[in-house]
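Chemist: here you go, sequence then predicted model.
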Amino acid sequence: MTMGPEAKIEQETCRRAKALGISNLKLEGMHNRGKADRIFMRHGRTCFVEFKAPPNKPTVLQERFLLERREDGFPAVWCDDVDEAIKWLKHHLLRDE
């Protein structure tokens with residue numbers, strides 16, 4: 001099975017994050033419609049990331065999920081670029097290192 005552009009962005013971001021010591025979990029399953037693709041974690045900090053391939057944007061449900069996480073005090077974003085995703089993760093998860 002061939003990976004689509006969104007999956008490639010997600011996979012490469014996860015690979016590079018792991019090399020930085022950032023772990024992640026995939027949010028998948030029957031009841032995860034609208035949730036972010038991944039939770040990234042390091043030293044008690046947690047971030048939520050929804051991945052999109054350009055020119056796609058998050059759905060209304062995905063935007064609502066990300067907004068609710070930000071309102072809960074968690075960094076939450078959607079990304080369509082590996083370098084930008086890694087930069088964002090470093091800022092939120094590695095800023096004190």
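Modeler: Nice, I can see it. What you see is a predicted model, and the numbers here were worked out from it, not measured in a lab.

Chemist: got the CA positions of stretch 87-97 in PDB?
Modeler: In PDB, the C-alpha atoms belonging to stretch 87-97 read as follows (Å, rounded to 0.1, in the frame of the first residue of the first chain):
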ATOM      1  CA  LYS A  87      10.300  23.600  14.900                       C
ATOM      2  CA  TRP A  88       7.000  23.800  16.700                       C
ATOM      3  CA  LEU A  89       7.600  20.600  18.700                       C
ATOM      4  CA  LYS A  90      11.000  21.800  19.800                       C
ATOM      5  CA  HIS A  91       9.600  25.100  21.000                       C
ATOM      6  CA  HIS A  92       6.900  23.400  23.100                       C
ATOM      7  CA  LEU A  93       8.700  20.300  24.300                       C
ATOM      8  CA  LEU A  94      12.400  21.100  24.300                       C
ATOM      9  CA  ARG A  95      12.500  24.800  25.200                       C
ATOM     10  CA  ASP A  96      14.200  24.300  28.600                       C
ATOM     11  CA  GLU A  97      16.900  21.900  27.400                       C
END
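
Chemist: for the record, mean pLDDT for it?
Modeler: For stretch 87-97, mean pLDDT is 92.

Chemist: in that stretch, what's buried?
Modeler: With burial defined by 16 or more other CB atoms under 10 Å, the residues of stretch 87-97 counted as buried are 88-90, 92-93. All C-beta spots, glycine's among them, are computed from the backbone N, C-alpha and C.

Chemist: so what touches stretch 38-50?
Modeler: 10, 13-14, 17, 21-27, 36-37, 51, 58, 62, 65-66, 69, 74-79, 85, 88-89, 92-94 (CB atoms under 8 Å, 6 or more residues apart in numbering).

Chemist: of those residues, just the buried ones, PyMOL syntax please.
Modeler: The buried subset of the contacts of stretch 38-50, as determined by 16+ other CB under 10 Å, is captured in PyMOL by this line:
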select buried, resi 10+13+14+17+22+24+27+36+37+51+58+62+65+66+69+74+75+76+77+78+79+85+88+89+92+93
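
Chemist: nearest to residue 2, of the buried residues of stretch 87-97?
Modeler: Distance from residue 2 was checked for each of the buried residues of stretch 87-97 by CB to CB. The minimum falls on residue 89, at 26.4 Å.
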